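*Asks:* pasting the structure only:
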């Protein structure tokens, strides 16, 4: 796809925090996203939006009512019509699995089908995790105090608790990530550390002692490498074989960073965003070499890893989503309900095209 000449925008009526790429259909070549709203007084919505083939506009392909405020949304990796939400209703929180209805010619607005609830939680739920590398019969849900491992029947989407564990009384959980290279490894962001758990023994096996991590992601092609975002505005890359110090620090945000994501295909590219209303695109190593050394170099010396800052927003940016269908495309979501789809610069796209896809 050609680079977008500028960001393509889509506006929601209500505030929003979460966006996800629709990833469950390996045959689809069109980029689609799910966005959930966060309204206290109005009925909330899930928008299914699609980028046109030439990247000139975003269109709404489906608009579905959702009964509660949506605080987290994740797309099923093996069925494009299924997704999960974490929601709030008054002082209560819950998590559920949903199916998008088949396209219909009826005039009545189609409704989401609720497939099941993850109803074992007794504290505020933070997120639901699907294993990112394909079909798997388990789910993970994380609340402020405890994480749960669920057995998932993929035919009925019913879930049962297999095990649960607390990160400790002094560790307030804020999110997590599931290792795409190891189905048995889960990482959890806490107030004072990042913890790594073996899901077979439900034992902690490693940790990074770094305060106030808000989000983290695994390198999609290199084992043992994670990236974190936190309250000190810095993005850090870690080698879990040497967890005492980060292997690289990226500075470019001016306030809290709330989300960070590796490109799903090209692991040299990282997106980050936060409360400075800015989305930063980073390139951390030469695409041709897939080297592990920090930064990039040119004949004149080191190259700034910050490729571009996107300042399309007037409010905090809480949501990021790369397109798996078109890896040079990504979407950002600000709290005021503004979705903007951008592409990486043309010179980076040319480098990306030289590298065989994983």
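*Replies:* That came through fine. All values derive from a computational prediction rather than experimental measurement.

*Asks:* okay, and the helix or strand of the protein with the least pLDDT?
*Replies:* strand 296-298 (a mean of 54; mean pLDDT, DSSP states H and E).

*Asks:* would you map the strands across the stretch 251-358 of the chain?
*Replies:* For the stretch 251-358 of the chain, applying DSSP state E, counting those that start in this stretch gives strands covering 257-262, 269-274, 279-283, 296-298, 301-303, 306-310, 317-322, 329-334, 338-343.

*Asks:* what's across from residue 129 in the sheet?
*Replies:* residue 140 (DSSP bridges).

*Asks:* ok, it - contacts?
*Replies:* Residues near residue 129 by C-beta atoms under 8 Å, 6 or more residues apart in numbering: 74, 139, 140, 141, 142, 176, 177, 178, 186. All C-beta atoms are positioned from the backbone trio N, CA, C, and that covers glycine.

*Asks:* quick check: chain neighbours aside, which residue is closest to residue 121?
*Replies:* Using C-beta to C-beta, 6 or more residues apart in numbering and skipping residues adjacent in sequence, the residue nearest residue 121 is residue 143, 4.8 Å away.

*Asks:* my read: residue 199 touches residue 188, true?
*Replies:* No: if you go by C-beta atoms under 8 Å, residue 199 and residue 188 don't touch, sitting 11.5 Å apart.

*Asks:* more crowded one of these two?
*Replies:* residue 188 (27 against 20; other C-beta atoms under 10 Å).

*Asks:* so which of the contacts of residue 129 is the closest to residue 150?
*Replies:* residue 139 (4.3 Å; C-beta to C-beta).

*Asks:* surely that closest one is in contact with residue 158?
*Replies:* No: using C-beta under 8 Å, residue 139 makes no contact with residue 158, being 11.0 Å away.

*Asks:* for beta bridges, what are the partners of residue 177?
*Replies:* residue 187.

*Asks:* what about it, how many residues close to it?
*Replies:* There are 23 residues near residue 177, going by other C-beta under 10 Å.

*Asks:* residue 79 too?
*Replies:* 16.

*Asks:* so what's it up against?
*Replies:* Residues near residue 79 by C-beta under 8 Å, 6+ apart: residue 24.

*Asks:* over to residue 184?
*Replies:* By C-beta under 8 Å, 6+ apart, the contact list for residue 184 reads 198, 199, 200.

*Asks:* let's see that with 10 Å instead.
*Replies:* The contact partners of residue 184, taken as C-beta atoms under 10 Å, 6 or more residues apart in numbering, are 178, 197, 198, 199, 200, 201, 205.

*Asks:* let's see the pLDDT reported for the third one.
*Replies:* At residue 198, the model reports a pLDDT of 96.

*Asks:* ok, and the closest non-adjacent residue to it?
*Replies:* That would be residue 205: by C-beta to C-beta, 6+ apart, it lies 5.0 Å from residue 198.
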